[in-house]
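A.B. asks: Here is my input, please return the structure:
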Amino acid sequence: MRVVIAEDAVLLREGLAGLIQEAGHEVVARVGDAGALHAVVAEHAPDLAIVDVRMPPDYDDEGMVAAARIRVEHPDTAVLVLSQHIEVRHAAALVAGGGFGYLLKDRVLDVDDFLDAANRVASGGSALDPEVVATLLASGARDDPLDVLSPREREVLELMAEGRTNAGIARRLWLTEKTVEAHVRSILFKLDLPARGDDHRRVLAVVTFLRAQS
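C.D. replies: Take a look at the predicted model:
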């Protein structure tokens with residue numbers, strides 16, 4: 001995996017680079033602002049861009065805006081956003097395209113979990129921090145399309161939104177993987193999602209979930 005890192009904090013930037021390189025991946029560029037990020041993505045066409053949300057010059061949502069632009073202009077480059085703050089304005093649209101993750105820095109404590117999330121996102125999947133999902137839930141929904149789901153199905157869908165596999169959901173909820181598969185099939189059926197492949201339908205289900213919470 002070829003990776004670029006956009007993070008204005010030098011120590012964190014170098015620490016991430018070290019972790020990624022120790023895992024056997026190549027860090028092709030390290031930058032400290034969104035403008036430089038666009039340049040190195042265009043130059044190196046990496047598999048994954050790891051991006052801080054708040055960067056110079058305004059320390060607002062430069063990273064999220066950059067992520068959205070990268071996914072449009074360089075669809076083969078996945079984006080994993082890291083932040084100390086939850087910024088969900090662009091989350092639903094980014095998840096819709098796949099190859100996107102959003103993790104909170106304070107909660108990235110396990111190296112193996114972080115590398116697993118990076119690999120999952122680079123492979124076209126998603127990885128959302130549970131607090132990001134919880135914030136979307138807390139925002140409330142009007143005309144909730146998820147009302148058709150049972151409480152257990154909503155739990156399964158919430159974990160799907162975090163990017164977890166059926167096996168991962170089964171471990172979290174203390175269910176068998178076959179039971180989770182049945183819940184996922186029911187969710188896809190109840191949300192009336194077109195049958196174009198299970199992976200595509202899972203992404204559409206997550207998008208439905210995120211839009212319901214925005």
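A.B. asks: Surely A29 is in contact with V4?
C.D. replies: Yes. Taking contacts as CB atoms under 8 Å, A29 lies within contact range of V4: 4.4 Å. (Glycine included, C-beta is placed from N, CA and C.)
A.B. asks: These two: which has the busier surroundings?
C.D. replies: Legend: neighbour count by other CB atoms under 10 Å for A29 and V4, higher for V4 (26 against 19).
A.B. asks: next helix or strand past the host helix or strand of that one?
C.D. replies: Using DSSP states H and E, V4 sits in strand 2-6. Sequence-wise, the next helix or strand downstream of strand 2-6 (DSSP H and E) is helix 10-22.
A.B. asks: contact partners of that next one?
C.D. replies: If you take CB atoms under 8 Å, 6 or more residues apart in numbering as the criterion, helix 10-22 is touched by 1, 3, 5, 7, 27, 30, 32, 50, 105, 111, 114-115, 118.
A.B. asks: domains for the protein, by residue range?
C.D. replies: 2-133, 140-213 (automatic domain parsing).
A.B. asks: Please identify the deepest-packed of those domains.
C.D. replies: domain 2-133 (a mean of 19; mean count of other CB atoms under 10 Å).
A.B. asks: Quick check: mean pLDDT of it?
C.D. replies: Averaging pLDDT along domain 2-133 yields 88.
A.B. asks: Can you give the distance of it from its chain's centre?
C.D. replies: Computed by CA atoms, centre = their mean, to the nearest Å, the separation of domain 2-133 from the middle of its chain amounts to 9 Å.
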